[in-house]
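Student: Got a sequence here, can you build the structure:
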Amino acid sequence: MSTEQDQIPAPDSPTPDSPAFDSPAFGSSAPDSAVPNDPAPDSPVPPSPVATASRPAWVTDELITQWCARVRRNASRRGPDSAESVTAVAPFDLAPIAAVPACAPEDVAAAVAGARADQPEWAGTPLRRRGDVVLAFHDLLLERQDQVIDLIQWETGKARYHAWQEVAQVAAIARHYARRARHYLAPHHVRGMVPGLTKVKEVRVPKGVVGVISPWNYPLYLGVGDVLPALMAGNAVVSKADSQTALTMLWTRALMAEAGLPTGLWQIVAGPGAVVGTALVDAVDFVCFTGSTTTGRTVADRAARRLVGASLELGGKNPLIVREDADVAAAAAGTVVAAFANTGQMCIHIERVYVHEKVYDAFRTALVRATRALRLGQSYDYSVDIGSLTSAAQLAAVEAHVDGAVAEGATVLAGGRPRPDIGPLFYEPTVLEGVTPEMAVCDEETFGPVLSLYAYGADSEAVGLANRGTYGLSASIWSKDSREAGRMAVRIRAGSVNINDGAAAAAGSIEAGMGGMGDSGLGRRHGAEGIRKYTESQTIATQRLLPLGPAQAGDNSPENSAETSVERFVRRTNGQLALLRRLRVR
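Tutor: Predicted structure coming up:
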């Protein structure tokens, strides 16, 4: 057992600092409700019925049992202090979702051992064959997308459009790496020590077993999007399913099996992060973690002690700048999307908006109008703009930031209150003004539907404000002068900067890396680094014709017999170095 200080805090904690597919057509027995956000005080919206059965109608107990059977667990080997199962509650109605088997450290060790046994054969499988499996998964995912969208909504409470975005992103990732892995992982030939005599190439070999620890806010995208390139690179994977969203991952694992992935190559473990996450980091050859900065530091520390690599996408307090020349209407509409998508539970969502003083009033008016027009609700169709928060703890965190700011003098321009008439965990998209550095909402990540509005006078001031704090994940600049915005972008400490877009342009560009600076993490997903991080670079050098170094003892060369073989080698090599310099080689 780990000591308390060595344990990884549960990455499935609901805080920011954290084969059966022949079922009936998708649907839900949950009542739909969608109401406008922030109605006028003199025209209150009547209470909407709260769902009493949010479980999608097609999800049967038999299906859940089949999915849960994929959790790597051996009850006979479990420790006496291990929980038997973990059960999440549905955000729409707080009803229990399903009891998912909880793993003990020995279950994690067995999963990693099983994956390690099967990995060499997969590594020897041609890339084309690996790609065929991933492309088959791509096709099945698009074909059965309504099922997984239902599951995502049931487990997270998000609006259906935001659940669909996860499907679209994972499909793009699957297609990209299935087609581009050969390019990213191709051997690279370089000049050897002695041109013409030394032949050298760098090759990419798999790490072995990759551990993926993903959060609840994007269970398909973050839970599976990192698994696909790891598999394409020739690794086996063990994933820790988040306790809130385990069914989404288990459904996807079953779909991947149908696509042809061998059984042992992707294994699922579940349970408390302090137990299962710790055991996973202590057993795998590389860790891919997405979650809070606090937990990320612990993951990095444990991995470093084993000299195991880790990629970490962590928290953010992301800024958006509206320049004097911006299209105000477009900027306001883009800000609403960037701030309130996924109910603000998104690592790259916007929480700070800096507006040039000359367009501040016009932007504020447009932003408030667009925010109040958003439709809140719980529905298994596309009639809702904003869904529920995912947990009571997340709702409490949002309320604490907003209420604390108001108590200290901030003004609510839109939203600012929970909506239990719609569902137990709903909170209105909120715009704050008058936020000061003393308020928690100013610098701390809220991870909810809240943004703060500030005015600035010069671009240099805006850049300084954007770089405030220790995070550096994503940023946005709105301007009609894209060249000047580009010059500002390179001065902002952020892994991605979007110009005339809130966040999606960079995140959706799969060929470009995505990740953070500062307290927002290490490494990148997507692009070349998104798959190469799962490999080791190996140099293979072949020496031809002549050996390197002085002649061996017994060399009877008559040339300049006063010299030793070492002296002759040094003299000749010095001459070669001078010649290469004159010829501008290297």
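Student: The spatially closest residue to residue 426 that is not a sequence neighbour: how many residues sit nearby?
Tutor: Among residues not flanking residue 426 along the chain, residue 419 sits closest, at 4.1 Å (Cβ to Cβ, 6 or more residues apart in numbering). Any C-beta I mention is one placed from the backbone N, CA and C, and that applies to glycine too. Residues lying near residue 419 (other Cβ atoms under 10 Å) number 21.
Student: repeat for the one 4 residues further on
Tutor: A total of 26 residues lie near residue 423 under the criterion other Cβ under 10 Å.
Student: let's have the chain start at 790 instead
Tutor: Sure thing, new numbering starts at 790, so read that last one as residue 1212.
Student: now the strands for the stretch 1040-1189 of the chain?
Tutor: In the stretch 1040-1189 of the chain, the strands defined using DSSP state E, counting those that start in this stretch lie at 1055-1059, 1075-1079, 1098-1102, 1107-1111, 1139-1145, 1164-1167.
Student: Report the contact partners of the residue nearest to residue 1215.
Tutor: Residue 1208 sits next to 824, 1165, 1215, 1216, 1217 when contact means Cβ atoms under 8 Å, 6 or more residues apart in numbering.
Student: May I see the residues you listed organised as TSV, with neighbour count, distance to residue 1054 and secondary structure added?
Tutor: Formatted as TSV, these follow (neighbours: other Cβ atoms under 10 Å; distance: Cβ to Cβ, whole Å; DSSP: H, G, I helix; E, B strand; the rest coil):
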residue	neighbour count	distance to residue 1054	secondary structure
824	17	46	strand
1165	29	41	strand
1215	29	40	coil
1216	26	41	strand
1217	26	45	coil
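Student: Tabulate these (a markdown table), appending pLDDT and distance to residue 1110.
Tutor: What follows is these, written out as a markdown table (pLDDT from 0 to 100; distance: Cβ to Cβ, whole Å):
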| residue | pLDDT | distance to residue 1110 |
| --- | --- | --- |
| 824 | 58 | 32 |
| 1165 | 97 | 28 |
| 1215 | 98 | 30 |
| 1216 | 98 | 26 |
| 1217 | 98 | 25 |
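Student: Show me the two of those that sit farthest apart.
Tutor: 824 and 1216 (13.4 Å; Cβ to Cβ).
Student: what residue ranges in this protein score low on pLDDT?
Tutor: Residue ranges of the chain with pLDDT under 70: 790-842, 863-872, 1342-1350.
Student: Which helix or which strand is home to the residue sitting nearest the centre point of it?
Tutor: Nearest to the geometric centre of the chain sits residue 1011, at 4.5 Å (Cα atoms, centre = their mean). Residue 1011 belongs to helix 1010-1013 when elements are defined using DSSP states H and E.
Student: follow-up on the earlier one: you'd agree the residue nearest to the centre of the chain is up against residue 1017?
Tutor: No. Applying Cβ atoms under 8 Å as the test, residue 1011 and residue 1017 come out as separate, 11.9 Å apart.
Student: in the stretch 990-1139 of the chain, which spans are helices?
Tutor: 1010-1013, 1016-1021, 1035-1047, 1067-1070, 1082-1094, 1117-1129 (DSSP state H, counting those that start in this stretch).
Student: Run through who's touching the first one.
Tutor: The contact list for helix 1010-1013, computed with Cβ under 8 Å, 6+ apart, reads 954-955, 958-959, 1001, 1003-1004, 1028, 1030-1031, 1034, 1037-1038, 1041, 1079.
Student: hmm, back to that, convert the C-alpha atoms of the helix holding residue 1011 to CSV, please.
Tutor: Output in CSV follows, covering the C-alpha atoms of helix 1010-1013 (Å, rounded to 0.1, in the frame of the first residue of the first chain):
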residue,chain,number,x,y,z
TYR,A,1010,-12.6,12.1,-26.7
LEU,A,1011,-10.1,12.1,-23.8
GLY,A,1012,-10.7,8.5,-22.9
VAL,A,1013,-10.2,7.1,-26.4
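Student: That one: how far from the chain's middle?
Tutor: Taking Cα atoms, centre = their mean, to the nearest Å, the mean C-alpha location of helix 1010-1013 is offset from the chain mean by 7 Å.
Student: Likewise for stretch 900-909?
Tutor: 24 Å.
Student: Name the surrounding residues that touch it.
Tutor: Stretch 900-909 is contacted from outside by 861, 892, 995, 997-998, 1000, 1023-1027, 1051-1058, 1069, 1072-1073, using Cβ under 8 Å, 6+ apart.
Student: circling back: rebuild the helices of the stretch 990-1139 of the chain as JSON lines, extending it with distance to residue 937.
Tutor: JSON lines is the format used below for the helices of the stretch 990-1139 of the chain (distance: least, Cβ to Cβ, whole Å):
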{"stretch": "helix 1010-1013", "distance to residue 937": "10"}
{"stretch": "helix 1016-1021", "distance to residue 937": "15"}
{"stretch": "helix 1035-1047", "distance to residue 937": "6"}
{"stretch": "helix 1067-1070", "distance to residue 937": "24"}
{"stretch": "helix 1082-1094", "distance to residue 937": "26"}
{"stretch": "helix 1117-1129", "distance to residue 937": "23"}
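Student: Which among the ones you listed is found nearest to residue 1261?
Tutor: Taking those one by one with Cβ to Cβ, helix 1082-1094 is closest: 11.1 Å.
Student: elements contacting that closest one?
Tutor: helix 1067-1070, strand 1075-1079, strand 1098-1102, strand 1310-1311 (3 or more Cβ pairs under 8 Å, 6 or more residues apart in numbering; DSSP states H and E).
Student: by how many degrees do that helix and strand 1098-1102 diverge?
Tutor: Orientation note: helix 1082-1094 sits at an angle of 170 degrees relative to strand 1098-1102 (axes from the mean of the first three to the mean of the last three Cα atoms, to 10 degrees).
Student: mind listing the helices for the stretch 790-939 of the chain?
Tutor: Under DSSP H, counting those that start in this stretch, the stretch 790-939 of the chain gives helices at 850-857, 894-912, 916-932, 934-945.
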